[in-house]
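Colleague: predicted model, plus sequence, below.
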Amino acid sequence: MQMPPKMLRAMRAFLHENDMMAYLAMMAVRLLELHRVLKPTGSLYLHCDPTASHFLKILLDAVFGPRNFRNEIIWRRTNSHNKLSQQYGPIHDSILFYSKGPGITFHPGRRPYLKGYVSEYFPYTDAKGRYQSNVLTGAGVRTGASGKPWGNYNPTPKGRHWAIPAKLLDELPAEDRAKPTQELLDLLDERGLILHPKGEDSLPRYKQYLSSSDGLLYQDVWTYQSGTKGLLENSPEGIDEDVKWLDDDDERMGYPTQKPVGLLDRIIRTSSNEGDVVLDPFCGCGTTVHAAQKLSRQWIGIDITHLAISLIQKRLRDAFPLIQIEIIGVPKDLDGARALAAQDKYQFQWWAVSLVDAVPYGGKKKGADTGIDGFIYFKPDGKRTEKAIVSVKGGENVGVQMIRELANVVDREKAKMGLLITLAEPTANMRKEAVSSGYFRTEAQGDFAKIQIVTIEELLGGKKPHLPWAAPDVFRRAKREMKGMQEKLL
């Protein structure tokens, strides 16, 4: 499928050349490729804010076809917003849901009913539990068994026919469910499931019981409601609490556009099966791939920044200690590292930080007086958290001054250690200066050189700096997922 040129030209004529048009042009070619690789049973969910959703929907209609538009899902992304005094608080994002074709994988879950709804609509109780009275017939006349009389009841004069719901048939043994309609009604009546009317001119109804699996099927508005804990039937959670906006410090990774795992969990459960492949072409800090791994899906994540890749690696290894990850597009040798450093020094720094499992410094470019590219946290005594400063140098000219600057940053930040990662081979004077900085002494793990130097070539060869590595519960990390299948991954 190709994007209609007239449509893009029309959008450009309307928007002119600006950031929005550049974004839409970028998205257009990517949506075409996503449509190409999507399986016939697959779906696409595009998360956006209301400033771009209407333009993106035009693009999606052009690529997927208007008939394959399924929903615009409204997701409440925050509790409240006092952005401006002349508009309502902007607290939602849009998720545009499209399918490749008509035969998609789709099995949404249910939200528990409100207790007030249950009291109002399931007002009756017997030995089996709460129930409501529901119709046993459907509209329209039938000439087969479903249109014939049963006992004293004849649905035909009323323009109806017998319509026994599948849930009611589940009350019967499997071998009885294929019997003629009138025999089925007899069996259901024997079990006390038919409600007979008092008036002679009415048709019978049936008892529809409230089961623990009942609830409201997911609709297209996903909005957690504060203060609703205890209001749901058979659930301690609040309304839509599984997709609540991100406010859990244990889940935050420090990435600006991070989404809660519960949101992606709901999407993946609904539109895929175990073993299916989930693709996130803008995977950021890895929430989608985290949810996919947790739900035993295969997955592919794509991002253009080494900061994102570094965060994802750390997140997945924290959550799934047995996981095996293949990363494509990162330097594999010294020449690749040199090429990345020459192309973009900040991408090189983020990649280098990931080689020692450090936490990237705030996702920001290093300032002239900061001297920090990452942190490594550890608990030398098993109680108090300490940190090591990571500094990355991608140039060919290195010298003693770099060691002195790192030592000053370590003292300024009240850190215990410093690690210098260099692309170039350090000089003998640099190594002497590092040794002269002394040691960080621990009772449990021994002594560690306060300032250490490790080269990119050494790291690629498997060498690790001599550091008191963090205990499993030390610093902000993804919660470890307790599940059996942690190894399967694409």
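Modeller: Nice, I can see it.

Colleague: center of this structure - which residue?
Modeller: Centroid-nearest residue in the chain: residue 264, 3.0 Å away (criterion: Cα atoms, centre = their mean).

Colleague: residue 110 versus that residue, what's the distance?
Modeller: Going from residue 264 to residue 110 by Cβ to Cβ, to the nearest Å gives 18 Å. C-beta here means a position set from N, CA and C on the backbone, and glycine is covered the same way.

Colleague: now residue 394. Nearest residue, chain neighbours left out?
Modeller: Distances taken as Cβ to Cβ, 6 or more residues apart in numbering put residue 341 closest to residue 394, at 3.6 Å, once the chain neighbours are dropped.

Colleague: which strands and helices sit next to whichever strand or helix holds residue 377?
Modeller: Using DSSP states H and E, residue 377 sits in strand 374-378. Here strand 374-378 touches strand 359-360, strand 386-393, going by 3 or more Cβ pairs under 8 Å, 6 or more residues apart in numbering; DSSP states H and E.

Colleague: which stretch in the ones you listed has the least confidence?
Modeller: With a mean of 82, strand 359-360 has the lowest mean pLDDT of the helices and strands packed on strand 374-378.

Colleague: sheet partners, orientation included, of that one?
Modeller: With DSSP bridges as the test, strand 359-360 is paired with strand 374-378 (antiparallel).

Colleague: which parts of the stretch 301-450 of the chain are strands?
Modeller: Taking DSSP state E, counting those that start in this stretch as the test, the strands found in the stretch 301-450 of the chain are 359-360, 374-378, 386-393, 417-422, 439-442, 446-449.

Colleague: contacting residues for residue 192?
Modeller: Applying Cβ atoms under 8 Å, 6 or more residues apart in numbering to residue 192 gives the contacts 126, 207.

Colleague: at 10 Å instead, please
Modeller: Neighbouring residues of residue 192 by Cβ atoms under 10 Å, 6 or more residues apart in numbering: 126-128, 207.

Colleague: could you identify the most distant pair in these?
Modeller: 127 and 207 (11.4 Å; Cβ to Cβ).

Colleague: who has more neighbours, these two?
Modeller: Neighbour count, other Cβ atoms under 10 Å: between residue 127 and residue 207, residue 207 has more, with 21 against 5.

Colleague: can you name the element that comes right after the helix or strand harbouring that one?
Modeller: Taking DSSP H and E as the criterion, residue 207 maps to strand 205-209. Per DSSP H and E, the first helix or strand lying C-terminal to strand 205-209 is strand 216-217.

Colleague: which residues are in contact with that next one?
Modeller: Strand 216-217 is contacted by residues 108-114, 117, 239 when judged by Cβ under 10 Å, 6+ apart.

Colleague: tell me if I'm right that residue 256 and residue 311 touch.
Modeller: No - the criterion here is Cβ atoms under 10 Å, and residue 256 misses it with residue 311 at 11.5 Å.

Colleague: the more surrounded of those two?
Modeller: More neighbours surround residue 311 than the other of residue 256 and residue 311, with 26 against 7 (other Cβ under 10 Å).

Colleague: thought residue 358 was touching the more buried one, still the case?
Modeller: No - if you go by Cβ under 10 Å, residue 311 and residue 358 don't touch, sitting 11.0 Å apart.

Colleague: show the end-to-end separation of stretch 123-130, please.
Modeller: Start and end residues of stretch 123-130 are separated by 7 Å (Cα to Cα, to the nearest Å).

Colleague: would you mark the buried spots in it?
Modeller: Residues residue 130 are the ones in stretch 123-130 that count as buried (16 or more other Cβ atoms under 10 Å).

Colleague: from the chain's centre, how far out does that stretch sit?
Modeller: What separates the centre of stretch 123-130 from the centre of its chain is 39 Å, taken as Cα atoms, centre = their mean, to the nearest Å.

Colleague: just the strands in the stretch 151-300 of the chain please.
Modeller: Using DSSP E, counting those that start in this stretch, strands in the stretch 151-300 of the chain cover 160-162, 194-195, 205-209, 216-217, 221-222, 277-280, 298-301.

Colleague: right, and those strands - which one's nearest residue 233?
Modeller: Closest among these, using Cβ to Cβ: strand 216-217, at 10.5 Å.

Colleague: how distant is that closest one from the center of its chain?
Modeller: Here strand 216-217 is found 21 Å from its chain centre; the criterion is Cα atoms, centre = their mean.

Colleague: and residue 102, what's its pLDDT?
Modeller: For residue 102, the predicted pLDDT is 94.

Colleague: likewise residue 180?
Modeller: With respect to pLDDT, residue 180 has a value of 95.

Colleague: same question, residue 396
Modeller: pLDDT, residue 396: 87.

Colleague: what does the lowest-mean-pLDDT helix or strand in the chain contact?
Modeller: Of all helical and strand segments in the chain, the minimum by mean pLDDT, DSSP states H and E falls on strand 359-360, at a mean of 82. With Cβ under 10 Å, 6+ apart as the contact definition, strand 359-360 has outside contacts at 253-255, 305-308, 310-311, 314, 349-351, 353-354, 372-377, 387, 390, 475-477.

Colleague: and those, which are buried?
Modeller: Buried subset of the contacts of strand 359-360 (neighbour count, 16+ other Cβ under 10 Å): 253, 255, 305-308, 310-311, 314, 349-351, 353-354, 372-377, 387, 390, 477.

Colleague: circling back: JSON lines for the contacts of strand 216-217, including neighbour count?
Modeller: JSON lines is the format used below for the contacts of strand 216-217 (neighbours: other Cβ atoms under 10 Å):
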{"residue": "108", "neighbour count": "13"}
{"residue": "109", "neighbour count": "12"}
{"residue": "110", "neighbour count": "11"}
{"residue": "111", "neighbour count": "20"}
{"residue": "112", "neighbour count": "19"}
{"residue": "113", "neighbour count": "20"}
{"residue": "114", "neighbour count": "17"}
{"residue": "117", "neighbour count": "14"}
{"residue": "239", "neighbour count": "21"}
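
Colleague: can I see the domain layout of this structure?
Modeller: Segmentation of the chain into domains, based on automatic domain parsing, reads 5-110+218-270, 123-209, 334-460.

Colleague: deepest-packed of those domains, please.
Modeller: domain 334-460 (a mean of 18; mean count of other Cβ atoms under 10 Å).

Colleague: ends of that one, how far apart?
Modeller: Span of domain 334-460 from end to end, Cα to Cα: 8 Å.

Colleague: what about residue 211, how many residues nearby?
Modeller: 12.

Colleague: I figured it hits residue 171, correct?
Modeller: No - Residue 211 is beyond contact range of residue 171, at 11.2 Å (criterion: Cβ under 10 Å).
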